[in-house]
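J.: just coords:
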């Protein structure tokens, strides 16, 4: 990849009391082989030292979202970042991107004409190899398989995704991110991107992420419930049978 041809790169990181993780995350971005132009930290009412720590980094811009919830925070970041054409990359504060993460995302975007989004899986750190493998087999792989079947394309994974600014501009207000804070933002965005173009899932585009969400049965049940809710609010209009029927009609030139 030629550095002169790289798109404008905005990173969006929603945060709520992440002072245990934010420094390691931003240090990982400081080591990227391709540097982002700006990192937007979306402060979702943090009361600890997260924002103080984040402001120590030169390319960080802090935005505040008073509506509590990951969906509102993510929407605030994307809506602000589209003032620049290019790619908007999203991860979480407990992610530690590998040094070539941004470079690989940009390469995939430039080598696959027409795609509107890129995603890859997460891999858990701060846990044993066995537990990391269980998280992969019983959460990560089922997520891409079953949610992908429900929407006709690979779903985006919120801790490891990129969306073109032009695609987000086309979405406008056509998401549930403002009206629902009890759903998964990545699933909702994935459904609404269906009509705008193809997305690319690369299993080698790994994102190290904390194993903390998987240590509580209650939190895992909440994640699964939010996942089902994220799917069902798009039915029946975006139900899989309608999506696949539309795809078949398009292939046959009937739509």
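T.: Ah, there it is. Please read these numbers as outputs of a predicted model, since none were measured by experiment.
J.: Would you work out how far apart the start and end of stretch 122-139 are?
T.: One end of stretch 122-139 sits 10 Å from the other (CA to CA, to the nearest Å).
J.: Let me see the residues that make contact with it.
T.: Under the criterion CB atoms under 8 Å, 6 or more residues apart in numbering, residues 95-96, 121, 140, 157, 159-160, 206-212, 214 lie in contact with stretch 122-139. The way it works is simple: take the backbone N, C-alpha and C, and place the C-beta from them, glycine included.
J.: helices or strands up against the helix or strand harbouring residue 242?
T.: For residue 242, the host element (DSSP states H and E) is helix 240-251. Other helices and strands packing on helix 240-251, by 3 or more CB pairs under 8 Å, 6 or more residues apart in numbering; DSSP states H and E, are helix 148-151.
J.: before we move on, the earlier item: pLDDT on the helix holding residue 242, on average?
T.: Mean per-residue pLDDT for helix 240-251: 76.
J.: What residues of that helix count as buried?
T.: For helix 240-251, the neighbour count (16 or more other CB atoms under 10 Å) marks 243, 246 as buried.
J.: And for the helix or strand that contains residue 51, what's in contact with it?
T.: Secondary structure assignment for residue 51, by DSSP H and E: helix 50-54. The contact list for helix 50-54 (CB under 8 Å, 6+ apart) reads 15-19, 22-23, 26, 41, 43, 60, 62, 93.
J.: Go again with 6 Å.
T.: With contact meaning CB atoms under 6 Å, 6 or more residues apart in numbering, helix 50-54 is reached by 15, 18-19, 22-23, 41, 43, 60, 62.
J.: give me the number of residues near residue 71?
T.: Look at residue 71: counted by other CB atoms under 10 Å, it has 25 neighbours.
J.: That one is in contact with residue 176, isn't it?
T.: No - judged on CB atoms under 6 Å, residue 71 makes no contact with residue 176 at a distance of 7.4 Å.
J.: and residue 200, bridged to which residues?
T.: In this entry, residue 200 is beta-bridged to residue 118, by DSSP bridges.
J.: what does residue 63 give?
T.: residue 42.
J.: Now for it, how many residues are close by?
T.: 17.
J.: 69 is where my numbering starts, stick with that
T.: With 69 as the first residue, the last one maps to residue 131.
J.: any idea how far it is from residue 281?
T.: Applying CB to CB, to the nearest Å, one obtains 24 Å for the distance of residue 131 from residue 281.
J.: about what we covered before: closest to residue 315 out of the contacts of stretch 190-207?
T.: Proximity of the contacts of stretch 190-207 to residue 315 (CB to CB) peaks at residue 225, which lies at 22.1 Å.
J.: Quick check: nearest residue in space to residue 308, chain neighbours excluded?
T.: With sequence-adjacent residues excluded and distances taken as CB to CB, 6 or more residues apart in numbering, residue 308 is closest to residue 218, at 5.3 Å.
J.: typo on my end, it should be residue 132
T.: residue 111 is the one closest to residue 132 (CB to CB, 6+ apart), at 4.7 Å.
J.: which parts of the helix or strand harbouring residue 294 are buried?
T.: Taking DSSP H and E as the definition, residue 294 sits inside helix 285-300. Buried residues in helix 285-300, defined by neighbour count with 16+ other CB under 10 Å: 294-295, 297-299.
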